[in-house]
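Sequence first, then the predicted structure, then my questions.
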Amino acid sequence: MSSLVQASGKTTEEAAARYHVYCITQGHGYLDEHALSKMKPEARQIVEKSLMRDNNVSKRVAALVKNLENGNSRFSRFVFDLLQNADDNDFTRARAASQLPFVTFKVAPSWMTVDCNEDGFTHANVTALCDVAKSSRTGSKPYFSNEGIGFKSVFRVAYKVDIQSENYSFSFNHKPGQSGMGMISPTWEEYQDRPSAGITRMKLFLHSEATYPTVLKQLNEIQAVHLMFLRNIQRINIICVDDSDAILSSTRLSINSVTPNEVVCIKEQDGVEKTKHDYLVTRQLVNHPSPCRNQTSPRIDIETKRSTSEIILAFPVNTDKSPVISSQSVFALTEIGDMGFKFLIQAEFAMSDKDNDIEILSSTNQALLDSIPIAFVKAIHQLHENSYLPYEWVRYLSRRYDEAPIRKGYWADLWHRIRNTVKVARLILPLDGVSNLSANDVLQELFSQRESAAPDRELIRELYSRLPGSLAALTASRRTAFRENLQTTSLIFAGSQWHTLDRCVWSQKRPVPGKVDLIQFYSGMESTFVDALGISLNIETAYDMILAVGSSPTATVQQAKEALRRLNSLLPNAERQPDPKRILRSLIFPVRYPKGSVELSCAHQVDFGIVDQEIFEQDLRDSEEILDFTLAEVHDLHPLIKWAGLEGRFLSARTVEMTKPLGATEIMPSSQRDIRLKAHLLCRIAAHFNSRRASDIELLHHVLGQSQLFVYRSSHIITELCLVENGCLVAVDQQESGVLLDDTNGMLNIYLPRDTRRQGECFVFDLPHALYRWIMAESPMGEENPEAEFAKRLITVVLNLEPHMATLFLNKEGIAALNSLTADNISDVQKPLPQVRVRLPPVQAPEGVTNSVDKPKITENENYKRKVESIQDKPMAMFTGNGIVKAEEFSPLSVFENLRITSPLPSSGQQLSCG
């Protein structure tokens, strides 16, 4: 070895790699390609035959060559052999560098390279590669393999393969007619253009340009779904170039694993996304059966270390995880074909040597007839545990097999075994005493009954009766998914046949052509078929069902509620609504009485109320005769209540609001918010919205502007909600209110809270709403009208702007001026305030502050601030235009600038001088 190291002039690691290659070739008793290439073809054949030793290796090579020359179909998948060889490597370095494991195929008319970012060849990898039916893989991880052939299949299209990985650089050589030892005996190669660090490269030299289409065909057969079958590779790049390496086209296949069960397969063509498919994927390990021994081709003995293989089932879904029902292919890494299954199957099927089909009698394939159905049941349980497809999975088995493209043979047998395994897995359920039957249990048992030659009618009826309770335990989206599943799967049994939900109706009187009327088979089970499953119901039948419940002495409150809800759901879209009189005379309305009992009552006999506001639901439910529906249910039942003419029984219609101020009041001194200044503007708004008060616009203007309009402050303003009962007012609720409008005696007085912050809130919220209601009293436009919000916004802005700005605002909003009215005389309302000079205590400089030379001089702003702080600490009295402001109501920071500080307040007995 030392001589090789010295001859190479390379590193010790590369020299060791070179010596390793030399030893392999010598161990085979074979001359490397450099020596053989110098011989004439005839001489080369003689030498190769003489060097072929009578050992196990030479026998395996001979069988390999014969299979290759005879066109064994397993050699036709050389691209997939390269792909799985790349996947069977380790990618610890790539993952440590946050790189996705990838393989890149670059193909030209005369060559193809395969680049992979795996960890690189080790001594054991190279040794295994230079043998037949040997592998350095461990048996703990399942993999897909063209066992006995593997990498050697590349010689179907190539006469030479160069391999560069880490310190190794060698080639394999084989042409038709040669012994085949060149496929396992490496020749060391010296190359300057090594791939970048971390890349293993194989370069195939194609036999001729006639081979190029074969290579392209296989590369085009690679799909994004193949990435689901690989353990490591997450991206495949396919680049077509010419012999000068100019790119002609590029394809990228990638897989994104959202969760262990959710994958997205993406195909990009020349940088543009072409396809994107979502799958729910499950994987099941099965025991690896013994190899098949009935081969007719020369056998290559396999030294396998594996004890298990993997079955992958993938269910196509939309982005919202709903099933995509379409035929999916079966794979043995390469695609076998579309066998009519609605889910994708990948398993290690034993393939025929003659064509791309399975060996039906293979022990492997016979074992898979049992393993795949078990894997399917496990897949459904696994997906269900992770909240996937809980009630929709049966759609993947919804079509009968005679509708599939292949109807007989192995695949038909597999399909029936899956169905039978599903049927017996957990589907024959003992229903006696079972109270917690889930919707999925019901679905599976119905599915089992459908497959039975003699369905159990009583059991089926019992299953249907369990559905309302089972579905009630689901979320709304799950209930919808359950119903949608029954729209496409025939699980409704009627008349000795199974039907989909959309073919069924519930019609008591008249038959519907082309539909199955379930009332003939399941009378009294409206809660299942109409309420739970949403089967079509006409309004006449719903009306009659209410009358039937109302006349039944055994009717329950729940039955009455369900009957009312059914009719309510049909009323909005009914072309012709029935007369409600018979319903109002029927004992159909559930009424809660003050003692807490709920009884079915007649609307003509019991004057029950209907809760339509939360406050009534809290305070009156236990003290009045109330229709026994929650506030939300009442909202949903509005079409029924309106149709029956029961709107007058809304408790809100039977109550009045009474608002009054408590405690003493006083005139609000600030004139900035005086509404009299806005009388003309408010009249414009009233006229624009056709207020009835605006019919006499002069009177309205007089009330708003010329009457003695007062804005009061009040300690508290209380609003009482009173229920009218037997001609008397009964207080239901009392709460503090923000504003009160009182227009008695032709004057409009407005009461506001004392707190200035609450006053500001009232001018923005409460007062505009109150003024709107007062201005629009008895007008046709109610508060629910969209224009009402516009009117309230106009009033809000007018109340909070100066009159001239509010005028501009209304002009901009298209509110017409009223030429018949004179403009508001602001001077009469907003008189100038008298000028007041107030004598305040002298301001004392804070201790420790002087104007000495060695101290910083106090600035004018600092001096101003200290004066303010000094004044805040002194008792004071100040005059404004409306009277004396108490000290605690005075804000020096806002008023101080308008006052002139002169001297201390006079002592007791002195006069306060004002100027």
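Yes, it's here.

From now on I want contacts and neighbour counts done on CA atoms only, so please keep to that.
Noted.

how close does the residue most central in space within the chain sit to A481?
Closest to where the C-alpha atoms of the chain average out (CA atoms, centre = their mean) is D320, at 6.6 Å. Distance of D320 to A481, computed by CA to CA, to the nearest Å: 11 Å.

And R466, by the same measure?
From R466 over to A481 the distance is 18 Å, taken as CA to CA.

next one: F331
30 Å.

And N745, by the same measure?
Noted for N745: a distance of 65 Å to A481, by CA to CA.

and these two? which has more neighbours close in?
A481 (17 against 6; other CA atoms under 10 Å).

All the strands of the stretch 151-300 of the chain, in order from the start?
Using DSSP state E, counting those that start in this stretch, the strands of the stretch 151-300 of the chain run over 158-165, 168-173, 187-188, 200-206, 235-241, 247-259, 262-269, 272-287.

got those as CSV, with mean neighbour count and distance to A806 columns?
Formatted as CSV, the strands of the stretch 151-300 of the chain follow (neighbours: other CA atoms under 10 Å; distance: least, CA to CA, whole Å):
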stretch, mean neighbour count, distance to A806
strand 158-165, 21, 83
strand 168-173, 23, 88
strand 187-188, 22, 95
strand 200-206, 22, 80
strand 235-241, 20, 67
strand 247-259, 16, 58
strand 262-269, 19, 60
strand 272-287, 17, 58
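
Can I get the ones you listed in CSV including mean pLDDT and distance to T554?
Shown next, in CSV, are these (pLDDT from 0 to 100; distance: least, CA to CA, whole Å):
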stretch, mean pLDDT, distance to T554
strand 158-165, 94, 86
strand 168-173, 94, 90
strand 187-188, 92, 95
strand 200-206, 95, 82
strand 235-241, 98, 68
strand 247-259, 95, 53
strand 262-269, 96, 52
strand 272-287, 92, 49
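
For burial, what's the neighbour tally of G29?
Residues within reach of G29, counting by other CA under 10 Å, total 16.

Skip ahead from the helix or strand L471 falls within and say which helix or strand is next.
Using DSSP states H and E, L471 falls within helix 457-472. Going down the chain from helix 457-472, the next helix or strand is helix 476-488, by DSSP H and E.

Pull out the buried residues from that next one.
Neighbour counts over helix 476-488 (16 or more other CA atoms under 10 Å) mark R478, R479, A481, F482, R483, E484, N485, L486, Q487 as buried.

swap in stretch 363-377?
Of the residues in stretch 363-377, 363-369, 371-377 count as buried by neighbour count, 16+ other CA under 10 Å.

Repeat that for stretch 587-603.
Buried residues in stretch 587-603, defined by neighbour count with 16+ other CA under 10 Å: 587-593, 598-603.

What's the end-to-end length of that stretch?
8 Å.

What is the lengthiest helix in the chain packed up against?
Longest helix in the chain, counting residues (DSSP state H): helix 363-385. Contacts defined by 3 or more CA pairs under 8 Å, 6 or more residues apart in numbering; DSSP states H and E place helix 363-385 against strand 272-287, strand 308-317, helix 410-425.

about what we covered before: just put the strands of the stretch 151-300 of the chain in a markdown table and tack on distance to K561.
Conversion of the strands of the stretch 151-300 of the chain to a markdown table gives the following (distance: least, CA to CA, whole Å):
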| stretch | distance to K561 |
| --- | --- |
| strand 158-165 | 77 |
| strand 168-173 | 82 |
| strand 187-188 | 88 |
| strand 200-206 | 73 |
| strand 235-241 | 59 |
| strand 247-259 | 44 |
| strand 262-269 | 43 |
| strand 272-287 | 41 |
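
next one: stretch 14-29 to chain centre, how far?
Relative to the mean C-alpha coordinate of its chain, stretch 14-29 is positioned 59 Å out (CA atoms, centre = their mean, to the nearest Å).

That stretch: which residues count as buried?
Neighbour counts over stretch 14-29 (16+ other CA under 10 Å) mark 14-22, 24-25, 28-29 as buried.

Could you save these as TSV and add columns showing pLDDT and secondary structure?
What follows is the buried residues of stretch 14-29, written out as TSV (pLDDT from 0 to 100; DSSP: H, G, I helix; E, B strand; the rest coil):
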residue	pLDDT	secondary structure
E14	89	helix
A15	91	helix
A16	93	helix
A17	93	helix
R18	92	helix
Y19	93	helix
H20	94	helix
V21	92	helix
Y22	89	helix
I24	90	helix
T25	84	helix
H28	79	coil
G29	70	coil
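
confidence score at F879?
Predicted confidence (pLDDT) for F879: 41.

Next: L227.
Predicted confidence (pLDDT) for L227: 96.

Any chance of the helices and strands packed on helix 363-385 in a markdown table with distance to S452 as columns?
A markdown table is the format used below for the helices and strands packed on helix 363-385 (distance: least, CA to CA, whole Å):
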| stretch | distance to S452 |
| --- | --- |
| strand 272-287 | 28 |
| strand 308-317 | 26 |
| helix 410-425 | 9 |
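
what stretches of the stretch 251-400 of the chain score poorly on pLDDT?
Segments of the stretch 251-400 of the chain classed as low confidence (criterion: pLDDT under 70) are 288-307, 354-355, 390-391, 398-400.

mind redoing it with 90?
258-260, 284-309, 319-326, 340, 350-364, 377-400 (pLDDT under 90).

mind checking how far F102 is from D81?
For F102, the distance to D81 equals 15 Å [CA to CA].

Counting neighbours around each, name which of these two comes out higher.
More crowded of F102 and D81, by other CA under 10 Å: D81, with 25 against 22.

List of residues touching the helix or strand encompassing the more buried one?
Following DSSP H and E, the helix or strand that holds D81 is helix 78-87. Helix 78-87 has contacts (CA atoms under 8 Å, 6 or more residues apart in numbering) with 103, 116, 118, 144-146, 150-151, 153-154, 156, 215, 218-219, 230-233, 333-334.

So for the next helix or strand after it, mean pLDDT?
Sequence-wise, the next helix or strand downstream of helix 78-87 (DSSP H and E) is helix 92-96. For helix 92-96, the mean per-residue pLDDT is 94.

Ok, which of the helices and strands packed on helix 363-385 comes nearest L651?
Closest approach to L651 among these is made by strand 308-317 (50.2 Å; CA to CA).

Show me how far that closest one is from its chain's centre.
25 Å.

which helices and strands does it pack with?
Packing partners of strand 308-317 (3+ CA pairs under 8 Å, 6+ apart): strand 272-287, strand 344-346, helix 363-385.

Output the ones you listed in JSON lines; the columns should cover distance to N261.
Shown next, in JSON lines, are these (distance: least, CA to CA, whole Å):
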{"stretch": "strand 272-287", "distance to N261": "5"}
{"stretch": "strand 344-346", "distance to N261": "14"}
{"stretch": "helix 363-385", "distance to N261": "8"}
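
Which one of those lies nearest to E445?
Of these, nearest to E445 by CA to CA is helix 363-385, at 14.3 Å.

Angles on the backbone of C683, please.
Per-residue torsions, C683: phi -70, psi -40 (degrees, to the nearest 10).

Name the nearest residue to it, sequence neighbours excluded.
Closest residue to C683 apart from its sequence neighbours, by CA to CA, 6 or more residues apart in numbering: H701 at 6.4 Å.

mind checking which helix or strand that neighbour is in?
Going by DSSP H and E, H701 is part of helix 697-701.

got the contact list for that helix?
By CA under 8 Å, 6+ apart, helix 697-701 touches A679, H680, C683, A687, R693, A694, L821.

ok, and the most crowded of those?
When neighbours are counted by other CA under 10 Å, H680 leads those with 27 neighbours.

How much space separates it from R793?
When distance is defined by CA to CA, H680 is 17 Å away from R793.

swap in A314?
Noted for A314: a distance of 58 Å to R793, by CA to CA.

more crowded one of the two?
Neighbours around A314 and R793, counted as other CA under 10 Å, are more numerous at A314. The numbers are 23 against 16.
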